[in-house]
Structure formats: structure tokens, C-alpha cells
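# Here you go, sequence then predicted model.
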Amino acid sequence: MADYQYIIVGGGVAGASAAAGIREYDQQGTVLLISNEPYLPYHRPPLTKDLWFGKKTLKQVFVEPETFFAEQRITLALGVEVTAVDANNHRLTDSGGVEYQYGKLLLATGGIPRRLDIPGENLDGVCYYRYLDDYQAIHGQTETGVSAVVIGGGFIGSEIAAALANSQAIVTMIYPEPTLCSRVFPAEMGNALQEQYRRCGMTMLKEDMPTAIQRHDGQFVTRTRSGRQIVSDLLLVGVGITPAIELAQHAGLAIDNGIVVDTYLRTSHPDIYAAGDNANFPYTALGQRTRVEHWDNAVNQGKYAGRNMAGAEMAYDYMPYFFSDLFKLSYEAVGEVHARLETFADWQQVNEKGVIYYLRDGKVRGVMMCNIWNQVDAARALIQSGRTWSKEQLRGAIGKPATGQQAA
């Protein structure tokens, strides 16, 4: 039986950051990182952004080169699926029956793509877009004139649709909401973005849903609730993820919209931690528990978890931000950014450049900066102030945008 002081299950940025965090406080303890993917840990945002727009090469999406893990004496087990956690005996078992002993364990298992519940949802070639394998498969099939159906109008659906259109594919989007990214954008902004997608040549089937998928003569045939029938060469689904909690459930850990952790990212078992898309944590600045499915949270939460596994005892009070690029609209956002809140938009150019404030009872809960950079810290300060703001006071509250580039 292999014995390690620290075992990390999950090969994304949370897992890689945790390994680095451990080494900040413990240079000698044995570390094993297990990933069910065959690749070194990689950044996920470029799969729908920079790789498609030529801003990054495939080699540049990896968090660290293989030499980093060797130099830091971090053992990698790639392409290995962990199937069971025995919390009482501090053991893991993989799909090959191999057992591992651990002192401290991190579950950085991320999320699993939500699947459609319709006939044909699992046909060969239907792509639930999330992984590096998906990018390589779809990008390899994309050329001018290829037709693609994208199901889902949230972040992933909108981003991959823009990437496909940039590659000269003929894109049809299907989504049940009245506007794109309706969970986050105010309706007026969602409508403006929708029109921009139409101007870029996309067909937008809003307030519609797929009811069945078939294959015919090598193509996909998607039928919708409204009676439409769309034929395409490619079919991609981006309807969100669910937290990967199966191992945590098997271990008897507390579950509530993810794996429940405390401010130190410990689960209900003191020697097991969780970080990233799967962790339900106390968001100090907002005064509530939440689960954040974004890159910056995974990077920082993983780092804190690794440090704490090695004895640092650092409370995770960081405020993660997130970002996206949707044709001409690029934005950074922080806090509780949800359209159910009251919103106030301080535009320099309507629906193109400005700041959207998300408020509850006059207090700023979240801020989105559209085509304005280097203002995330200012937005964090507004949220952390806890004070009540009038709309007039918020006008220009972030200040004039500083010249800069979006964080990578």
C-alpha cells in the first residue's frame, strides 16, 4: 500500500495550487496528486477563450511543467480514478483496486457537466463541453462552414458559441431563458448581447429547449419544444455543472450543495479538506455560505487548503473574482452577481462600457466591470464596506477606469 502524508484528489487548478500551498509550509512531507485525466493540471478558461482566439498555445494552458512537480517532489498519478474513501482508516482505493494511505486528504474533484434528460442525449459525438479532450476534439472538427448547435445560454454556452463563430462555424444557440446569461446580466444588457450575437451571424433560439437528438447521415438532428428541427455537424452542450461529491458522500462527509467546509476549508472530518467548484464555504464578506464555480476561487482556495493541510491555519476570507469574453464585451466581476438582486448600471457607453452594481437593501453585494480594468480591488472595498448607498452615490464610485489589461 502506497503511503503519503498528503494526498490530493483532483488534477485541476485547485489541486495544483494545493500542492504548491503544501510546499510553502512543508518541504519534506510526501505529496501525491491523483487525477482522472491523463494530462498535467491545466487552466480551464482558455478552453473557451484564449485557445480559440490564438492568444495561447496548448502548451501554455498547463499550470506548471512536469519538471515543477519533479522539483517539488510531488508525485503524479494521472489517468487514475479514485473510487472510494475510507475516512476512518485514512485510505483511498482506485479503480484498479490499488489502495493508498494518507495523513491529510484534499478533495479537489471540481464539477461534472449537467446532462440533458432527453432521448439521444448520450449519442456518440454529443459533447458536454468542459475538458481538454473536448477542446481538442471540437477544435479539430471546426472549419469554415461547419454547422454547430450549442445548447445552453449561460457562461459556457455563450463563450463556446462565440469561439465557434470566430472560427467561421455556422452556430445555432438553443436556451430556455429570454436572454443570454440571464442569471447574471440585467435584461437590457442580456438583450443587447443577444443582438450582438445575431449580428455576428448566429441563430438564437431563445425560450426554447431541445426535446430529442438523433443522428442521420453523419449529422445531428435536434428537435425542440417549439417544433423546430435543426441539422448540424457538431452538437455541444453547456448547461452548467454539478459538484462532484460522490467520494465525499462515500466518506460520510457533510453535504449541502457541495462539500461543506469551514473557514479553514476542512470538511466534517478534520483530516479531509475540500476546495474549488465542489466546496460549499463561508463567504466572509457576504456573510453567507456559497459555492463558487470560477477559476480564481479554485486557484486561491486550493492554495489556502494546501497551506492549512500543512498546518498554516489560515482562514479563507479571500473574495474571488471571475471574468469572461463575449465578442466585444469583456468583464470582470466580484461578489454576489445575480440578476435577482436590484441592479444599477453606471454606463460610459450603454451596455458596452461601465459598471453594474448588484444591491440588496441599498448595500452593494456584487460589482461587474464591463470593459473596465484594474478595478477589482475597488469593487471589493465597496462590498466590504457594508454601508448603504444611493444610486447617485454609486455613480462614479469605482472611479475612472485605469488603463490596463484583463487578468489572465
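Yep, that arrived.
# Can you tell me the SS state at the residue nearest to Tyr264 when sequence neighbours are not counted?
Spatial nearest neighbour of Tyr264, chain neighbours left out: Asn308 (5.0 Å); criterion: C-beta to C-beta, 6 or more residues apart in numbering. Glycine gets a C-beta too; all of them are placed from N, C-alpha and C. Recorded secondary structure, Asn308: helix (DSSP: H, G, I helix; E, B strand; the rest coil).
# wait, what's in contact with Leu382?
Leu382 sits next to 357, 364, 367, 389, 397-398 when contact means C-beta atoms under 8 Å, 6 or more residues apart in numbering.
# one more time with 6 Å
The contact partners of Leu382, taken as C-beta atoms under 6 Å, 6 or more residues apart in numbering, are Val364.
# buried sites along the helix or strand harbouring it?
Assigned by DSSP states H and E, Leu382 belongs to helix 376-385. Neighbour-count burial for helix 376-385, counted by 16 or more other C-beta atoms under 10 Å, picks out 376, 378-380, 382-383.
# And the residue nearest to Tyr264, how far from Val85?
In this structure, Asn308 and Val85 are 19 Å apart, going by C-beta to C-beta, to the nearest Å.
# just to revisit the earlier point, which outside residues touch whichever helix or strand comes after the helix holding Leu382?
Next along the chain after helix 376-385, taking DSSP H and E as the criterion, comes helix 391-394. Helix 391-394 has contacts (C-beta under 6 Å, 6+ apart) with 344, 357.
# again, 7 Å this time
Residues outside helix 391-394 that contact it (C-beta atoms under 7 Å, 6 or more residues apart in numbering): 344, 346, 357.
# can you pull the contacts of the nearest residue to Ala18 once chain neighbours are set aside?
Leaving out its chain neighbours, the residue that sits closest to Ala18 by C-beta to C-beta, 6+ apart is Gly306, at 3.5 Å. Contacts for Gly306 (C-beta under 7 Å, 6+ apart) come out as 17-22.
# Which of these fall in helices?
For the contacts of Gly306, the ones inside helices are 17-22, with DSSP state H as the criterion.
# From the contacts of helix 391-394, list the buried ones, please.
Counted by 16+ other C-beta under 10 Å, these give 344, 357 as buried.
# Closest one of the contacts of helix 391-394 to His90?
His90 lies nearest to Tyr357 out of those, by C-beta to C-beta, at 47.1 Å.
# Can you tell me how far the closest one is from Ser390?
Per C-beta to C-beta, Tyr357 is found 11 Å from Ser390.
# Spatially nearest residue to Val367, not counting backbone neighbours?
Among residues not flanking Val367 along the chain, Ala379 sits closest, at 3.7 Å (C-beta to C-beta, 6+ apart).
# Likewise for Gly354?
Trp347 (3.6 Å).
# Using the three-state scheme, assign the one you found.
Applying three-state DSSP: Trp347 is strand.
# Can you check the pLDDT for it?
We note a pLDDT of 94 for Trp347 in this prediction.
# how close does it get to Val364?
From Trp347 across to Val364, the span is 17 Å (C-beta to C-beta).
# repeat for Val337
Distance from Val337 to Val364, counting by C-beta to C-beta: 11 Å.
# same thing with Thr30?
Distance, Thr30 to Val364, using C-beta to C-beta: 45 Å.
# So for the two, which residue has more residues nearby?
The residue with more neighbours, out of Thr30 and Val364, is Val364; 25 against 16, by other C-beta atoms under 10 Å.
# per-residue confidence at the residue nearest to the more buried one when sequence neighbours are not counted?
Distances taken as C-beta to C-beta, 6+ apart put Leu382 closest to Val364, at 4.7 Å, once the chain neighbours are dropped. What the model reports as pLDDT for Leu382 is 96.
# any idea of the pLDDT on the spatially closest residue to Thr267 that is not a sequence neighbour?
Leaving out its chain neighbours, the residue that sits closest to Thr267 by C-beta to C-beta, 6+ apart is Leu253, at 4.7 Å. On pLDDT, Leu253 comes in at 98.
# What's the local residue count around Arg340?
Residues lying near Arg340 (other C-beta under 10 Å) number 9.
# domains in this protein, as residue ranges please.
Listed domain ranges for the chain are 2-112+241-309, 127-237, 328-394 (source: automatic domain parsing).
# Those domains: which one's closest to Gly120?
Of all these, domain 127-237 sits nearest to Gly120, with 3.3 Å by C-beta to C-beta.
# what about the closest one, distance to the chain center?
Relative to its chain's centre, domain 127-237 lies at 18 Å (C-alpha atoms, centre = their mean, to the nearest Å).
# want to try TSV for the buried residues of helix 376-385, with distance to Gly10 as columns?
Shown next, in TSV, are those (distance: C-beta to C-beta, whole Å):
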residue	distance to Gly10
Val376	26
Ala378	33
Ala379	29
Arg380	27
Leu382	33
Ile383	29
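# of these, closest to Gly238?
Nearest to Gly238 among the buried residues of helix 376-385 is Val376, at 25.3 Å by C-beta to C-beta.
# distance of that closest one from Ser268?
33 Å.
# Contacts for stretch 30-40 next, please.
Contacts for stretch 30-40 (C-beta under 7 Å, 6+ apart): 4-11, 15, 19, 22, 62, 66, 74-82, 100, 131-132.
# Wait, the residue nearest to Gly354 touches Ile356, no?
No. Using C-beta atoms under 7 Å, Trp347 is not in contact with Ile356; the gap is 8.7 Å.
# More neighbours: the two, which one.
For Trp347 versus Ile356, neighbours defined as other C-beta under 10 Å are more numerous around Ile356 (23 against 13).
# Give me the pLDDT value at that one.
At Ile356, the pLDDT recorded in the model is 97.
# Return the list of strands paired to the helix or strand containing it, each annotated with direction.
Using DSSP H and E, the element containing Ile356 is strand 353-360. For strand 353-360, the paired strands and their directions (DSSP bridges) read strand 342-349 (antiparallel), strand 363-370 (antiparallel).
# Tell me what angle the last one forms with helix 376-385.
When you say that, I think you mean strand 363-370. Put simply, strand 363-370 runs at 170 degrees to helix 376-385, going by axes from the mean of the first three to the mean of the last three C-alpha atoms, to 10 degrees.
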